[in-house]
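I'll drop the sequence and a predicted model, then ask my questions.
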Amino acid sequence: MPFGIGIWELLILLLVLLLVFGPKRLPEMGRQLGRGMREFKDSVTGAGGDDDAELPPAEPAEPAATTRERDTVA
């Protein structure tokens, strides 16, 4: 096993995760972890196409309206 983790340590870890997060949340967390690993792999290897080519050109931002720090009432 990688990192010197035995089967018993792995089972205890999975049991603790099940108790902490519950059975409904674990599959969702697994999917998110898999998606994140896939996106990381694609970004490192350059697979999946160039995402920047699909984006439309950015429009210049409008200047922020000037606001007064404080109005004084006399």
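On my side now, so go ahead.

Work out for me the element L13 sits within.
helix 7-21 (DSSP states H and E).

could you pull out the strands for this protein?
Per DSSP state E, the chain carries no strands over any range.

residue ranges for the helices of this protein, please.
7-21, 25-45 (DSSP state H).

rewinding a little: packing partners for the helix holding L13?
When contacts are defined as 3 or more CB pairs under 8 Å, 6 or more residues apart in numbering; DSSP states H and E, helix 7-21 packs onto helix 25-45. In short, each C-beta sits where N, CA and C put it, glycine included.

For the helix it packs on, give me every contacting residue.
In this structure, residues lying in contact with helix 25-45 by CB atoms under 8 Å, 6 or more residues apart in numbering are 17-18, 21, 47-48.

Same list, the helices of the chain, but as JSON lines with mean neighbour count and mean pLDDT please.
Shown next, in JSON lines, are those (neighbours: other CB atoms under 10 Å; pLDDT from 0 to 100):
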{"stretch": "helix 7-21", "mean neighbour count": "10", "mean pLDDT": "90"}
{"stretch": "helix 25-45", "mean neighbour count": "10", "mean pLDDT": "91"}
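
re the thing from before, please work out the angle formed by the directions of the helix holding L13 and helix 25-45.
110 degrees (axes from the mean of the first three to the mean of the last three CA atoms, to 10 degrees).

Any figure for the gap between E28 and R38?
16 Å (CB to CB, to the nearest Å).

Equivalent analysis for L18, please.
24 Å.

Ok, Q32 next?
11 Å.

which one among the contacts of helix 25-45 gets closest to L10?
Of all those, L10 sits closest to L17, with 10.6 Å by CB to CB.

give me every residue that touches the closest one.
So L17 contacts L26 (CB under 8 Å, 6+ apart).

Numbering from 151 from now on, please.
Okay, using 151 as the starting number, the last item reads as L167.

for K174, what are its contacts?
So K174 contacts nothing (CB under 8 Å, 6+ apart).

Let me see the backbone angles for it.
In terms of degrees, to the nearest 10, the main-chain angles of K174 are phi -80, psi -30.

and it, what pLDDT?
K174 carries a pLDDT value of 88.
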